[in-house]
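> Got a predicted structure plus its sequence, pasted below:
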Amino acid sequence: MYDTIIIGAGMSGLAAGIRLAHFGQRVCILERHTTIGGLNSFYRMNGRNYDVGLHAVTNYAPKGARRGPLSRLLRQLRLTWDELALVPQSGSSIAFPGITIQFNNDFELFRSEVHRHFPDQKDNFQRVLEQLIDYDRLGQDGSDQSAREVVSRTITDPLLVEMIFCPVLYYGGSRQQDMEFGQFSIMFRSIFLEGLARPFSGVRLILRKLVRKYKELGGEIKLRSGVARFGVSDGQVRSVVLDNGDELEARQILSSAGWRETMRLCRNDAALDAQPPGEVSFIESISILDTQPRQLGCDRTIVFFNDSEAFHYEKPADLADVRSGVIASPNNYSYDEPLEEGVVRITSLANYDRWAALDEPSYRLEKLRWYDRLAAAAVRFVPDFRSSVVDTDMFTPTTIRRYTGHENGAVYGAPVKRYDGTTPIENLFVCGTDQGLVGIIGAIISGITIANKHLLK
């Protein structure tokens, strides 16, 4: 009998496991796949290591900072700042036709860029900053307002509104075109007020630190251990039944699988019907270069681009929509030494249903076609890197579905979040994307928050 069984060995599940094991609980994390991390993971192909999911760690705080999610995370997990080895971005931008806003981890640059390009919005921009909801108020009264309505009531230039929403939605938007104002506040803070960073070794360093800490505290991880269903009776989960038929018992269950995915394990049709699945998914290409991107003039850490004044963040009718996207280079952080090879990653919105309907030969062919289209879209906003490409890979919405279990390959899960982490089942709780916090730091904080609030009583 375990004290807690956690479903999913992603960032959120691992963080919750560390927190619980630290206080002496007997904890077991169940993971369907052969490796940890969910979509924020890594793999090896053709002799190269590839990160999946990680463009940047948002919510950056410099060493010694005492406030903010990163500082809280380090305290709660008993980690040191040096263990995560986060290196700040060199500088990023939001590029629309005829106008580019630069930003880095010093918010004053972003503020000055907004003032320079939109001088008549200076006071309005300040008023939006004053309305931002703090992390501890997420999910409380007032945070379920439409972010677009709140921001557009204050900022009267539609182009500035679109330029602000482009990075915020791409890095955390589970709804098409909009998000709750509480979610907007958290994403705005994490990207612009706190900033972007990355470990030199990528996501594998963070995952290995979390796993090592968890195991040192006596936690168990069972890989290749997918959950078939929960045994529910009298309003509680009595057992966890694995795909191979094995049955495990625990006093309480924490699921990072997603709300609908968790309710399906309970066979709770009413809860499923009450919560629609997410529709927002992506394709992403990874290009390996024979030189550093900076040598080609690609010196931005992240470029959020859109090719018109209107930003359409929605499920496209085609396999993908390359009118907008994200261009990321892990090389362009302030490292003391360069990464071994150059990397450019390009992300755009995609249609899960269209990709899932393809047979295997057509799927492979469309990946090649859309790699070319992504690259062609990107070089409208960054110097052309295509002649330096020596290797490529690409993931699609079906990849996201395979490694996260999220319906429709919805990167950020369901459009309605469960901020308190509770479910209709008394001893079953949720954390991770569908609890409401996204990104690597957000996912870790989610696991910590739900563990503290419900599982350490």
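The structure has been received and is ready for your questions.
> and residue 66, backbone torsions?
The phi and psi values for residue 66, taken as degrees, to the nearest 10, are phi -110, psi -10.
> go on, residue 207?
phi -60, psi -40.
> burial of it, as a residue count?
23 (other Cβ atoms under 10 Å). All C-beta atoms are positioned from the backbone trio N, CA, C, and that covers glycine.
> The nearest residue to it once chain neighbours are set aside: which element?
By the measure of Cβ to Cβ, 6 or more residues apart in numbering, the closest residue to residue 207 outside its immediate chain neighbours is residue 37, 5.1 Å from it. Under the criterion of DSSP states H and E, residue 37 resides outside all helices and strands.
> Which helix or strand in this structure has the lowest average pLDDT?
Each helix and strand of the chain was given a mean pLDDT (mean pLDDT, DSSP states H and E); the minimum falls on strand 41-45 at a mean of 73.
> Pull the residues that contact it.
35, 49-53, 202-204, 207, 393, 403 (Cβ atoms under 8 Å, 6 or more residues apart in numbering).
> Return the residues in contact with the residue nearest to residue 207.
9-11, 52-53, 203, 207.
> That one and residue 12: what is the separation?
Distance, residue 37 to residue 12, by Cβ to Cβ, to the nearest Å: 11 Å.
> likewise residue 244?
Between residue 244 and residue 12 the distance is 25 Å, computed by Cβ to Cβ.
> More neighbours: these two, which one.
residue 12 (33 against 9).
> any idea which helix or strand carries the more buried one?
Per DSSP H and E: helix 11-22 holds residue 12.
> For the next helix-or-strand element following that helix, give the mean pLDDT please.
Following the chain from helix 11-22 toward its C-terminal end, the next helix or strand by DSSP H and E is strand 27-30. The pLDDT scores in strand 27-30 average 98.
> Alpha carbons only: can I get strand 27-30 in CSV?
Extracted as CSV, the C-alpha positions of strand 27-30 are listed here (Å, rounded to 0.1, in the frame of the first residue of the first chain):
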residue,chain,number,x,y,z
VAL,A,27,5.3,7.3,-3.2
CYS,A,28,5.2,5.6,-6.6
ILE,A,29,5.1,7.4,-10.0
LEU,A,30,3.6,5.4,-12.9
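> who does it touch, helix- and strand-wise?
strand 2-7, helix 11-22, strand 220-222 (3 or more Cβ pairs under 8 Å, 6 or more residues apart in numbering; DSSP states H and E).
> was I right about residue 292 contacting residue 340?
No. Taking Cβ atoms under 8 Å as the definition, residue 292 is not a contact partner of residue 340, at 9.9 Å.
> More neighbours: which of those two?
Neighbours per residue, other Cβ under 10 Å: of residue 292 and residue 340, the larger number sits with residue 292, 19 against 10.
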